[in-house]
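In: Need coordinates for the following:
(one chain, ligands or ions: 2)
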Amino acid sequence: MARSAILNVMVQAAMKAGRSLSRDFGEVQNLQVSLKGPGDYVSQADRKAEEIIFAELSKARPGYSFLMEERGAVHGDDDQHRWIVDPLDGTTNFLHGIPLFSVSIALERQGQIVAGVIYNPGMDELYTAERGGGAFMNDRRLRVAARSKLTDAVIGCGVPHLGRGHHGNFLLELRNVMGEVAGIRRMGSAALDLAYVAAGRMDGFWEANLSAWDIAAGLLMVREAGGFVSDMGGGQDMLDDGTVVAGNEAIHRTLLKTLKKPLPPR
Ligand code: 2AM
Ligand code: CA
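Out: Ligands and ions are numbered 1, 2, ... in the order given. Predicted structure coming up:
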């Protein structure tokens, strides 16, 4: 599969950052048993990965703007183009020595996501997508799963943690979904969750309280694999509203409805 020049730039940046994270991940595993824990070390690993991506992308396309998890918004001369970058998605996993984390890079052109790369260094899985060009994992074409019934579906989700999100809302959503599906998974990296939906490994996914960098690349990945994505209200405001529901057309539709089922009367 021939990649466009811009996608190549994104792949190089993601893999270089991924190699840096992999090296640091080895040390994080050693630090689990230390009294202080790997906290500071992980923040450094995260910043180092972001630095690598920032340097690679700025060199290849000077002037493009950025939205990055650590650095925030960086306005370039070219405000038609914006990189949306999460150097380490799944930080809690990384911190605990669980090899489920990813690098996520998206390119937005005039407000539309046109290219996305997600790299999972632990499994050496590279997900790529370009608008209108399909989605791939290590050069294999991706397609969302074909299961159309929730009762056959494995659905991923995110659980709001300490100090974030509305825990009560999540419990209602979970209560609605868990009674209707074959299984629920919680992986801890929204970027990877969306990549897994694109790859047909999970049939659907929902989460709230996300940031644009967690999901920008993943949203394109699912769409380009033939799937549907929306915010929790059914609209297309995911990047601003921080909620996402994904799946094939049928799963997306029923999942959206199921999430919002009112409580039965007592
Ligand atoms: P992160 O690992 O980059 O923080 C897990 O439910 C998803 O929520 C991950 O994609 C995670 O991204 C994201 N998330 C956003 N804010 C978070 C936070 N404060 N703590 C943990 N996960 C967070
Ligand atoms: Ca993230």
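In: isn't residue 136 right next to residue 142, touching?
Out: Yes: here residue 136 lies in contact with residue 142, judged by C-beta atoms under 8 Å, at a distance of 6.1 Å. All C-beta atoms are positioned from the backbone trio N, CA, C, and that covers glycine.
In: Find residues that contact each of these two.
Out: Here residue 136 and residue 142 have residue 127 as joint contacts, going by C-beta atoms under 8 Å, 6 or more residues apart in numbering.
In: Leaving out chain neighbours, which residue sits closest to residue 32?
Out: Using C-beta to C-beta, 6 or more residues apart in numbering and skipping the chain neighbours, the partner closest in space to residue 32 is residue 97 (5.4 Å).
In: Tell me how far the one you found lies from residue 259.
Out: Separation of residue 97 from residue 259 (C-beta to C-beta, to the nearest Å) stands at 32 Å.
In: For residue 150, which residues are in contact?
Out: 177, 180-181, 251, 254-255, 258.
In: Can you select the buried ones among the residues you listed for me in PyMOL?
Out: To isolate the buried ones among these in PyMOL, judged by 16 or more other C-beta atoms under 10 Å, type:
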select buried, resi 177+181+251+254+255+258
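In: Reformat the contacts of residue 150 as TSV; add secondary structure and pLDDT.
Out: Output for the contacts of residue 150, formatted as TSV (DSSP: H, G, I helix; E, B strand; the rest coil; pLDDT from 0 to 100):
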residue	secondary structure	pLDDT
177	helix	98
180	coil	96
181	coil	98
251	helix	98
254	helix	98
255	helix	98
258	helix	98
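In: Contact residues of the stretch 1-150 of the chain facing ligand 1?
Out: Selection of the stretch 1-150 of the chain residues close to ligand 1 by C-beta under 6 Å from any ligand atom yields 86, 88-92.
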